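**Q** got a sequence here, can you build the structure:
(one chain, ligands or ions: 1)
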Amino acid sequence: MKNLWIIANWKSNKNIQEALGWLEVVGPKLDHNNRIKIAVCPIFSDLAEFKKAVSAGNYPILIGSQDLSPFGEGSYTGEEPAEIIKDLVDLAIIGHSERRNNFSETDEIVAKKVDQSRQYNIMPLVCVQSADTPVPTGCDLVAYEPVFAIGTGQPDTPNNANYVAQSLKQKYPDIKILYGGSVNATNCRVFIDQPAISGLLIGKASLEPAEFIKIIKGCL
Ligand code: PGA
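**A** Sure thing, here's the model as predicted:
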């Protein structure tokens, strides 16, 4: 049985009450299991309270941000530097296609964000949209998320996801690859059973506590 990552990407959803309500339902249902690492990535403004509640409940949940600044502290209005959020997060999603498409994030910006996250011991989770998307040096975790599969209910085929994951591993032998794009409780198992896939990055289906719990149980 391989080790797995199951990561919830909440995108721009859930105020703090909603985030804590989710945690109250999901947290107690999670076993401390070294084989599955679970991470939740709420909006920035939820991070501090969410982290407090995870610690108070001693839940086996890591916390991630959905982005971070390519710069350090300083005059960068609106940015969230790794140097400051490092106390709140274990990992950071970097280079999600929604950022590349809506905020003109380039491969160069992604590489700068990865540098910042590594400098402050935040694990970067870089999203790639195909086997051709460059993976910056020093990344251990990469999510293959084809744009056509995101939020559409039309996931990639498990075979193709595995093929892309294998191609990435040939180029970057030390990385672990997650699959993301319309993962739900019904299809999660078939993706994690693919030999080159080490976990899942889940958007919409992670928002609903019952569905998320079903996904975790489905991957055990
Ligand atoms: P989805 O999103 O599960 O809603 O398709 C995944 C993602 O964008 O990370």
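**Q** which outside residues touch stretch 95-106?
**A** Under the contact criterion C-beta atoms under 8 Å, 6 or more residues apart in numbering, stretch 95-106 has outside partners 9, 11, 66-67, 107, 110, 113, 126-129, 133, 145, 147, 150. Where you see a C-beta, it was placed from the backbone N, CA and C, and this is true even at glycine.
**Q** and the nearest residue to residue 47 once chain neighbours are set aside, what pLDDT?
**A** Using C-beta to C-beta, 6 or more residues apart in numbering and skipping residues adjacent in sequence, the residue nearest residue 47 is residue 88, 4.5 Å away. pLDDT, the model's per-residue confidence, is 98 for residue 88.
**Q** if I read this right, residue 88 contacts residue 68, doesn't it?
**A** No. At 10.7 Å, residue 88 does not count as touching residue 68 under the criterion of C-beta atoms under 8 Å.
**Q** ok, these two, which is more surrounded?
**A** Neighbour count, other C-beta atoms under 10 Å: between residue 88 and residue 68, residue 68 has more, with 27 against 18.
**Q** the more buried one in helix, strand or coil?
**A** Following DSSP: H, G, I helix; E, B strand; the rest coil, we place residue 68 in the coil state.
**Q** quick one, phi/psi of it?
**A** Main-chain torsions, residue 68, degrees, to the nearest 10: phi -160, psi 170.
**Q** from this protein, which residue is nearest to the ligand?
**A** Of the residues in the chain, the one nearest the ligand is residue 203, at a distance of 2.3 Å by C-beta to the nearest ligand atom.
**Q** my guess is that residue meets residue 149, correct?
**A** No. Taking C-beta under 8 Å as the definition, residue 203 is not a contact partner of residue 149, at 10.2 Å.
**Q** hang on, the earlier thing: what's the residue nearest to residue 47 in contact with, if anything?
**A** Contacts here follow C-beta under 8 Å, 6+ apart; on that basis residue 88 touches 47-48, 51, 63, 65.
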